[in-house]
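Enquirer: Prediction below, plus the sequence it came from.
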Amino acid sequence: MYNFEYKNPVKIIFGKGTIPSVANEVPKGAKILMTYGGGSIKRTGVYDQVKNALKDCELVEFSGIEPNPHYETCMKAVEVVKAENIDFLLAVGGGSVLDATKFIAAAALYEGDDPWDILAKGAQVKEALPLADVLTLPATGSEMNGNSVITKAATQEKKAFGSPLVMPQFSILDPECVFTLPDKQVANGVVDAFVHVMEQYLTFNVNAPLQDRLAEGILLTLVEEGPKVLADRKDYTAAANFMWSATMALNGLIAVGVPQDWGTHLIGHELTAFHGIDHGRTLAIVLPGMMNLKRENKKDKLLQFGERIWGISDGTTDERIDATIAKTVEFFESLGVPTTLPEYDVPASTIDRITLRFKESGMKFGEKGDIDYQGVEAILKDRL
Ligand code: NZQ
Ligand code: ZN
């Protein structure tokens, strides 16, 4: 196991009926900007719950944060923050609202010329407004990490940044929010959380059996509970298990002391940037290609994953890996998530555009830093 440091200060408030407790958590006397998306919170009643709880607080609203949140939208919110002298941000929504709010928190106090540099150039975040959230969609883990992914609509670029300064002060997770999710969002969330675990697990062995088993525990729980949530949206127990699994998948715990490979996300973000495909769906396309093309590098973990998650233990190494990829694809498809590019009407020319981006950036990634633009091309061609 590698050396590591781990600190996660996010206070999680989890369970049925917990949304009104937001009133006890926001700082006294703060002027709060409540951020949200396209209006789902008004239809589901979450908006009323938050507004009622905070009726004695000074509250300004900023709505219209889109899925795959836009830099341009975030910058409008930054203007509101400055004009209204906001000193606390409260995101109410899914990963997109949370991510946008993190970026707003950092951009509002950014002293450089262009806050886009935080995303495009990795400019350091030295200060950020404090923020918190009421999460309505289990998927990204954004509620318990310091990551944020923002899209610049003007240039079709989707970029991520991370800073401990944008970790939420608290996150309220009421699994009843799952009850109103459409099938598509549940499926996206299960796949997203599943792939988060895979990217911290499917690398090479460093003798960290606890991290492996924690990761496998999350994967098995998602495999068991995800279909239950899809089958019965009012199954509170399944919703709660799904929600907590998604949080645990990306709060840093299973990543400590082990190699990671975020290649599937890097490539997936390009598919969203060019075609607007939902984040989780891009991962369902890319992961099987990654597993196939990196079968040598990832051999031991692929075999372990196949055996412990799908019960595959017969055959040659290649046969077992083939069966493991097939089972993973079958799981995603059983959730209603297609896994090939043509099923999303993505033309082969998109592969050239994405490959060119990686070629121009010169970026190499993967747990061994050996995936370059040619690797990206091969992975995507595998999904035609
Ligand atoms: O916008 P509203 O009207 O609120 O509707 C949303 C949106 O249309 C709706 N929704 C949310 N909660 C609902 C609901 N509908 C009914 N009932 C509810 N309870 O769902 C739609 C999708 O919401 P969105 O927030 O976009 O989904 P998700 O949580 O999957 O977030 C995706 C974004 O997170 C980023 C992705 O790249 C993408 O931009 N990610 C963030 C990560 C992080 N911060 O750590 C890691 C992830 O890998 C991911 O990259
Ligand atoms: Zn993700």
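Expert: Yes, it's here. Ligands and ions are numbered 1, 2, ... in the order given.
Enquirer: quick one: what helix or strand has Arg320 in it?
Expert: When elements are assigned from DSSP states H and E, Arg320 belongs to helix 317-334.
Enquirer: Okay, buried residues for that helix please.
Expert: Arg320, Ile321, Asp322, Ala323, Thr324, Ile325, Lys327, Thr328, Val329, Phe331, Phe332 (16 or more other Cβ atoms under 10 Å). Backbone N, C-alpha and C define where each C-beta goes, glycine included.
Enquirer: I'd say Gln214 and Ala255 touch.
Expert: Careful, residue 214 is Leu; it's not Gln. No: Leu214 is not in contact with Ala255 according to Cβ atoms under 8 Å; the separation is 10.3 Å.
Enquirer: re the thing from before, identify the residues contacting the helix holding Arg320?
Expert: With contacts defined as Cβ atoms under 8 Å, 6 or more residues apart in numbering, helix 317-334 is touched by 191, 194, 223, 227, 284, 287-288, 291-292, 295, 299, 302-303, 305-307, 309-310, 312-315, 339.
Enquirer: Swap in 6 Å and give it another go.
Expert: Residues outside helix 317-334 that contact it (Cβ atoms under 6 Å, 6 or more residues apart in numbering): Val191, Ala284, Pro288, Met291, Asn292, Arg295, Leu302, Leu303, Gly306, Trp310, Ile312, Thr339.
Enquirer: repeat for stretch 143-152
Expert: Against stretch 143-152 from outside (Cβ under 6 Å, 6+ apart): 10, 68-71, 99, 102-103, 119, 133, 135, 158, 160-164, 166-167, 171, 247, 250-251.
Enquirer: The residues you listed in helices, which ones?
Expert: Counting by DSSP state H, the part of the contacts of stretch 143-152 found in helices is Tyr71, Asp99, Lys102, Phe103, Leu119, Thr247.
Enquirer: Include distance to Thr44 when you put those residues into JSON lines, please.
Expert: Formatted as JSON lines, the ones in helices among the contacts of stretch 143-152 follow (distance: Cβ to Cβ, whole Å):
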{"residue": "Tyr71", "distance to Thr44": "27"}
{"residue": "Asp99", "distance to Thr44": "20"}
{"residue": "Lys102", "distance to Thr44": "23"}
{"residue": "Phe103", "distance to Thr44": "24"}
{"residue": "Leu119", "distance to Thr44": "30"}
{"residue": "Thr247", "distance to Thr44": "20"}
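Enquirer: Is ligand 1 within reach of stretch 163-170?
Expert: No: using Cβ under 6 Å from any ligand atom, stretch 163-170 stays clear of ligand 1, coming no nearer than 9.4 Å.
Enquirer: now do stretch 243-250
Expert: Yes: interface with ligand 1: stretch 243-250 contributes Leu250 (Cβ under 6 Å from any ligand atom).
Enquirer: Now do the contacts for the most centrally placed residue in the chain.
Expert: With distances taken as Cα atoms, centre = their mean, the residue of the chain nearest its centroid is Thr140 (2.8 Å). Contact analysis of Thr140 by Cβ under 6 Å, 6+ apart lists Gly95.
Enquirer: rerun at 7 Å
Expert: Residues near Thr140 by Cβ atoms under 7 Å, 6 or more residues apart in numbering: Gly95, Asp192, Leu250.
Enquirer: Using the three-state scheme, assign the residue nearest to the first one when sequence neighbours are not counted.
Expert: Just to be clear, that refers to Gly95. Nearest residue to Gly95 in three dimensions, chain neighbours excluded: Thr140, at 3.2 Å (Cβ to Cβ, 6 or more residues apart in numbering). The three-state label given to Thr140 by DSSP: H, G, I helix; E, B strand; the rest coil is coil.
Enquirer: Then the one 10 residues further on?
Expert: Three states are possible here, and by three-state DSSP the one that applies to Ile150 is strand.
Enquirer: Spell out which parts of this structure neighbour ligand 1.
Expert: 37-41, 44, 67-68, 93-97, 99, 136-137, 139-142, 145, 147-149, 177, 180-181, 185, 188, 192, 250, 265, 279.
Enquirer: Could you name the specific helix or strand carrying Ser245?
Expert: helix 236-249.
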